[in-house]
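In: I would like the atomic coordinates for the input below:
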Amino acid sequence: MKQRGGQKKHWAEEARIRTWYQAVKLRGWADYKLDDEFAWTDEGNALRQEDKGKSKELRSGKTEHRPRIFEWIRKEAREPQGRDNRWHAIEGLVSVVDAHPLFVGTASLYHSELWDLLQNTLIKPSEVQSKLDELLETHGLLRIDPRRLGPVADIIAKYGDEQVFDRCLHLSLRRMDYLSGIVLAWLLHLQTEPPANWRFR
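Out: Predicted coordinates:
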């Protein structure tokens, strides 16, 4: 969610960048190494290479100050804005980090639907259904009416709706990263708001 000038950042935005940063740091790299590897844009890297090829007297000075992007994320949860075209804004930074074999999967934490859900106090039922369908498709899951499947209907008759639903939900959550699992549970919670669904809620 974009913030207007002077508007206080929602706490979920800070949680978002800190969650991503912590996942990246679990790989064991120091902030300095992360900045050196990922902070520079193609333009910034070109300037670095250009300056390296010059003598000390002729260097432009455009790359002598190293970026401290990851340090500022750690200290103040500050997202880089990309105002200096030598260094990535947050979207580019998340993308280039995720493209590295050691950090694959970290982008999904930053782009999780959870951060929008935490900030959206009013959400239409049709929007809940749309987000739910997209999430299930992404993770190869299907929502079915168990009573149309003979063997499953027998299991429900034996153990009850709630227990079978709970078991299926837990098996589904195992196929997802933990933030996607939270989003799935949250969306189902919103969708089961009508009183008739209180047992599943």
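In: point out where this protein drops to low pLDDT.
Out: Applying pLDDT under 70 to the chain flags the ranges 1-7, 51-64, 146-147, 149, 197, 199-201.
In: how about 90 then?
Out: For the chain, applying pLDDT under 90 flags the ranges 1-10, 42-66, 82, 120-125, 138, 140-178, 188-201.
In: surely D36 meets R66?
Out: Yes - when contacts are counted by C-beta atoms under 8 Å, D36 is listed as touching R66 (7.3 Å). Every residue, glycine included, has its C-beta placed from N, CA and C.
In: which of the three states applies to the closest residue to E43 other than its chain neighbours?
Out: Spatial nearest neighbour of E43, excluding adjacent residues (C-beta to C-beta, 6 or more residues apart in numbering): N85 at 5.5 Å. Here N85 is recorded as coil under DSSP: H, G, I helix; E, B strand; the rest coil.
In: mind checking how far N85 is from F70?
Out: Per C-beta to C-beta, to the nearest Å, N85 is found 19 Å from F70.
In: which of these two has more neighbours?
Out: The neighbour comparison of N85 against F70 (other C-beta atoms under 10 Å) goes to F70, with 25 against 12.
In: just to revisit the earlier point, shared neighbours of D36 and R66, which are they?
Out: With contacts taken as C-beta atoms under 8 Å, 6 or more residues apart in numbering, D36 and R66 have no neighbour in common.
In: how many neighbours does the closest residue to W198 other than its chain neighbours have?
Out: Closest residue to W198 apart from its sequence neighbours, by C-beta to C-beta, 6+ apart: T192 at 7.7 Å. As a burial measure, T192 scores 15 neighbours (other C-beta under 10 Å).
In: gap between T192 and L34?
Out: In this view, T192 and L34 are 42 Å apart by C-beta to C-beta.
In: could you do L187 as well?
Out: For L187, the distance to L34 equals 33 Å [C-beta to C-beta].
In: then S180?
Out: 25 Å.
In: quick one, which of the two is more surrounded?
Out: Neighbours were counted for S180 and for L34 using other C-beta under 10 Å; L34 has more, 23 against 19.
In: so what's that one up against?
Out: Here L34 is in contact with V24, I69, F70, V97 (C-beta under 8 Å, 6+ apart).
In: closest one of these to D166?
Out: V24 (34.1 Å; C-beta to C-beta).
In: that closest one contacts G105, doesn't it?
Out: No - the pair V24 / G105 is not scored as a contact, 10.5 Å apart, by C-beta under 8 Å.
In: wasn't R18 part of a helix?
Out: Yes - with three-state DSSP as the criterion, R18 is located in a helix.
In: please look at it and A77 and confirm they touch.
Out: Yes - with contacts counted by C-beta under 8 Å, R18 reaches A77, the gap being 5.4 Å.
In: tell me which of the two has more neighbours.
Out: Neighbour totals were compared for R18 and A77, and A77 leads with 16 against 13 (other C-beta under 10 Å).
In: need the contact list for that one.
Out: By C-beta under 8 Å, 6+ apart, the contact set of A77 is E14, I17, R18, Y21.
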